[in-house]
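Trainee: need a structure here:
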Amino acid sequence: MSDLVHLIKTNQDNNHTNNLYYFDFECDKWLKCYSLNSYPYKLYQYQLEESDKTFITCIDSYRFSEDLDNVPSIEEMYKEKEWRDEIAKNEQELDMYQNEEWHKMKVGWTKRDIIPDVLHLVPRKKTSANNHLCCYYYKESKKLAKSCTHTPIISIEELNKEKELEEKAKIYFENQKKQISEIVKTLTLYKLKKSDYYFYDTLTYFNTLKLYKEDKLLEKELFVNQEGYQDYLSSNNYKKGLASLAYHNQKNNYDSVSIKDELEVTNLSVKFEKYDAFYNIKIHNATYAKLNLFNLEIDADIIDNVNDNKKTFGFNDITENNPLFINYSFSTIKIITDGIKLLLMV
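Mentor: Presented below is the predicted three-dimensional model:
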């Protein structure tokens, strides 16, 4: 182990006293031990007292005790070992204690570069609220417990509902993938000059989509309650656009919606993100504006003169029927300008 170079920060200290005992399953006894080295993933190396035997485990292993008058029985230790060995497999569910509360987790995968059965844990069902919980724990950690020990029990009805929704989602994404594949077959593939970069021309397909052009808020009556309507009103334009698309797609089969948005100029540039396409771009109170695309700079057109120095810039050929599509390989499009703000339709 001493020859390994770890790219993840190792632990430096532990809080054990000099009166530390470890349960050894080879002899079914509690044996005194002391700490030697630290490793990543909250692991430490220990050595048994009056022995050459060493082992690696986590600092809060259930096999540690500092009070031999208050330890589990041998039978209890073996039962504990049995379920912990069982969870060291992909997709196994368990409870995990973190940030002063228990969470439903599952094993994403196991690691064995230091010792076997270090678990990479992920939320049982990922959400934006729990996505940060992904972490590593060794299977012996006391911060782990059997599934539903400290978290709510999931009923058969709930499990069946989950399975139904997952199956619907699977069918939806499979159908979506097939539709995309069929659409791609109709597109023309281009290659940039003096480059290895290829791209599909999506303009023809884009112009077949049914676009909802009215840039106005959804009516209050469409919301279940006042709270939901207020949340909608306080959301940014991007989220308002998503709500508008969901409503108009369901009601009148619109494929896309158009909304106005305003972007602030930061460090003499504006990055386009989130949206799929942009048009009617206007840069206000500027002396220059350039579109930065594929490391090329394209000068903007002068749309209006504010005064002798400041002007309003835009791009005459970037229109509703010929928008600027975002390139997901780079995820952003940039405009270089000294303007104050940028208005656009998306």
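Trainee: As a quick check, tell me the outermost residue of the protein.
Mentor: With distances taken from the mean C-alpha point of the chain and given as C-alpha atoms, centre = their mean, the most distant residue is E50, at 48.8 Å.
Trainee: Tell me the spacing between it and L119.
Mentor: For E50, the distance to L119 equals 32 Å [C-beta to C-beta, to the nearest Å]. For the C-beta atoms, the positions are set from N, CA and C on the backbone; glycine is no exception.
Trainee: Next: D85.
Mentor: Here the criterion is C-beta to C-beta. By it, D85 lies 12 Å from L119.
Trainee: Report pLDDT for the residue nearest in space to the middle of the chain.
Mentor: The centre of the chain sits closest to N131, judged by C-alpha atoms, centre = their mean, with a distance of 6.3 Å. Here the pLDDT value assigned to N131 is 76.
Trainee: for D255, same thing?
Mentor: 89.
Trainee: thinking again about what came up before, out of D85 and L119, which sits in the busier spot?
Mentor: L119 (28 against 11; other C-beta atoms under 10 Å).
Trainee: The helix or strand hosting that one pairs with which strands?
Mentor: Following DSSP states H and E, one finds L119 within strand 118-123. Using DSSP bridges, the strands paired with strand 118-123 are strand 101-111 (antiparallel), strand 135-138 (antiparallel).
Trainee: contacting residues around that strand?
Mentor: 41, 43, 87-88, 94, 96, 103-112, 130-131, 133-139, 144 (C-beta atoms under 8 Å, 6 or more residues apart in numbering).
Trainee: quick revisit: shared neighbours of D85 and L119, anything?
Mentor: K139.
Trainee: For the stretch 101-250 of the chain, give me the ranges with low pLDDT.
Mentor: Across the stretch 101-250 of the chain, nothing is flagged by pLDDT under 70.
Trainee: any chance you could map the strands in it?
Mentor: 101-111, 118-123, 135-138, 144-146, 188-191, 198-201, 211-212 (DSSP state E, counting those that start in this stretch).
Trainee: Out of the ones you listed, which gets nearest to Y21?
Mentor: Y21 sits nearest to strand 135-138 of all the strands of the stretch 101-250 of the chain, at 18.4 Å, using C-beta to C-beta.
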